[in-house]
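Undergrad: okay, here's the prediction I keep looking at, along with the sequence it came from:
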Amino acid sequence: MKRIILSSLAIFLLTSQPIKAQPSNAFTGTPPTFVGATVPHNSVGFRLSWYYFTTNLPVDSQQSLGKLTITPGSNFSTIDFNLNETQAFLGSFRNRGEAINIQQVNLDPDNQTIEIIFAEPIPPDTVFTVGLRARQNPTSEGVYLFRIYAFPAGDNPIGLDLGVARLSFYQSFW
């Protein structure tokens with residue numbers, strides 16, 4: 001007759017609840033990261049400047065990215081964007097790739113959050129950039145902050161705070 005001895009760990013493993021899967025509306029695996037932001041023309045008052053925000057969705061992320069939001073901080077002055085000119089592309093500002101189609105761009109008038117919804121989810125292993133067209137750079141010099149959130153594709157996505165973009169504007173002495 002064989003005797004089976006179960007340790008307390010084995011009994012715990014056999015009787016414990018199954019592990020629940022992560023919700024599909026949140027990022028799992030390696031999360032996206034904010035790479036950086038740049039503004040090629042950073043003189044105060046410069047008209048029709050572009051602001052670029054670059055994000056990386058790593059190869060081992062388990063979800064595609066459906067939308068990105070950009071919220072200005074409590075800056076010195078408000079920046080008005082022409083949202084009809086918003087663009088997205090693979091790569092970074094200095095290494096542009098193929099265009100990414102944008103389905104919709106929305107502005108929340110209460111907190112000035114800009115929501116960029118992509119026509120097709122952005123797959124893992126992608127570095128991409130969103131370009132916002134400012135009607136005019138701020139009229140006060142200083143460091144301006146923007147909070148970046150990434151949302152996985154799908155219903156009721158849970159946003160992930162990627163951090164803060166910092167753009168500096170200076171008085172030109174020409």
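TA: Perfect, thanks for sending it. Numbering: from 1, shown residues only.
Undergrad: show me the strands in the chain, by range?
TA: For the chain, the strands defined by DSSP state E cover 33-38, 50-57, 65-72, 87-92, 95-99, 102-107, 114-122, 126-133, 142-152, 160-169.
Undergrad: once you drop chain neighbours, what's closest to the residue nearest the centre of the chain?
TA: Against the mean C-alpha coordinate of the chain, by Cα atoms, centre = their mean, the closest residue is A150 at 3.8 Å. Counting by Cβ to Cβ, 6 or more residues apart in numbering, P32 is the residue found nearest to A150 once chain neighbours are left out, at 4.5 Å. Quick note: C-beta positions are derived from backbone N, CA and C, even for glycine.
Undergrad: then D108?
TA: With sequence-adjacent residues excluded and distances taken as Cβ to Cβ, 6+ apart, D108 is closest to E115, at 7.2 Å.
Undergrad: look up how far P152 lies from the closest residue to P124 other than its chain neighbours.
TA: Residue nearest to P124 in three dimensions, not counting chain neighbours: S61, with 4.2 Å by Cβ to Cβ, 6+ apart. According to Cβ to Cβ, to the nearest Å, S61 and P152 sit 9 Å apart.
Undergrad: which residues do these two both contact?
TA: F27 (Cβ atoms under 8 Å, 6 or more residues apart in numbering).
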